[in-house]
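Asks: Need coordinates for the below:
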Amino acid sequence: MFTGLVEEKGIVKKIEPEGLGFKLTFEGKVVTDDLKIGSSIACNGVCLTVIEKDDNIFAVEVMEETLKKSDLGDLKVNDYINFERPLKADDRLGGHFVLGHVDTTGVVTKIDELTNSHYLRVDFNKEFRKYLIYVGSVAIDGVSMTVAEVGDDYFCIGIIPHTWEATVFSSKKIGDKVNLEFDVLGKYIEQIAVPPKD
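Replies: Got it, this is the predicted structure:
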């Protein structure tokens, strides 16, 4: 369980193919102080398991199914990546409930620089539209954000300067993919209201 409050913007150090998946090696200074082999960590919003750890360097494995639903397969060496460790039971919940289970990717289609913020538009598959509401929550590359505008196949968010600089948002360009995890509460409500057919 995560909150969508990114702790650190780390760096991709190595990418090694493993079958149809990858072994990814990252560098981080903040999150690595208590990481152990077997620890969970959200990397651009994807919950992954630490398999190697040495000082500020750690590695994870990404399987084929994760690559289908996320943008991790597009990473390159020296790219920035968002890190968040799991929520502790006695921590404040500052964002929203984020599981690290990415639903799909979206595409950045507009970035406006305003006087004291950035306004970003993300286009996505409209089959997921039912999970978004105006001023509701969505996790973008693991960052808990508030929906400022929503259409049939797009939504927009406003990004304050701190979040812009402390996350991978500042390195995004038009056409870049982002990982999207929609609010789990909406998914459970749907499951209760419209149970799947046997």
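
Asks: can you pull out the strands in this structure?
Replies: For the chain, the strands defined by DSSP state E occupy 8-18, 21-27, 40-43, 46-54, 57-62, 80-84, 104-113, 118-123, 137-140, 143-150, 154-159, 177-182.

Asks: and the ones you listed, which is most packed in?
Replies: strand 137-140 (a mean of 26; mean count of other CB atoms under 10 Å). (Each C-beta comes from the backbone N, C-alpha and C, glycine too.)

Asks: which residues are contacting it?
Replies: The contact list for strand 137-140 (CB atoms under 8 Å, 6 or more residues apart in numbering) reads 4, 45, 95-96, 98, 106, 122, 132, 144-147, 155, 157, 178-183.

Asks: Each with direction, which strands does it pair with?
Replies: strand 143-150 (antiparallel), strand 177-182 (antiparallel) (DSSP bridges).

Asks: out of those strands, nearest to residue 23?
Replies: strand 177-182 (19.0 Å; CB to CB).

Asks: Could I get the CA-only coordinates of that closest one as PDB?
Replies: Taking Å, rounded to 0.1, in the frame of the first residue of the first chain, the C-alpha atoms of strand 177-182 are listed here in PDB:
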ATOM      1  CA  LYS A 177       3.700   7.600 -21.800                       C
ATOM      2  CA  VAL A 178       2.700   7.700 -18.200                       C
ATOM      3  CA  ASN A 179       1.500   4.900 -15.900                       C
ATOM      4  CA  LEU A 180      -2.100   5.300 -14.600                       C
ATOM      5  CA  GLU A 181      -3.700   3.800 -11.600                       C
ATOM      6  CA  PHE A 182      -7.300   4.700 -11.000                       C
END
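
Asks: which other residues reach it?
Replies: Outside strand 177-182, the residues touching it (CB under 8 Å, 6+ apart) are 44-46, 70-72, 74, 98-108, 122, 124, 128, 131-132, 138-142, 172.

Asks: circling back: could the strands paired with strand 137-140 go into TSV alongside mean pLDDT?
Replies: Below are the strands paired with strand 137-140 laid out as TSV (pLDDT from 0 to 100):
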stretch	mean pLDDT
strand 143-150	97
strand 177-182	97
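
Asks: Quick one: closest of the ones you listed to residue 118.
Replies: Here strand 143-150 is closest among the strands paired with strand 137-140 (CB to CB), at 11.3 Å.

Asks: for residue 185, what are its contacts?
Replies: residue 97 are the contacts of residue 185 under CB under 8 Å, 6+ apart.

Asks: Pull out the buried residues from the top helix by length along the chain.
Replies: Across the chain, the longest stretch assigned as helix under DSSP state H is helix 184-193. Neighbour counts using 16 or more other CB atoms under 10 Å place 184, 186 of helix 184-193 among the buried residues.

Asks: Tell me how far that helix lies from the chain's centre.
Replies: Remark: helix 184-193 is offset 21 Å from the chain centroid, using CA atoms, centre = their mean, to the nearest Å.
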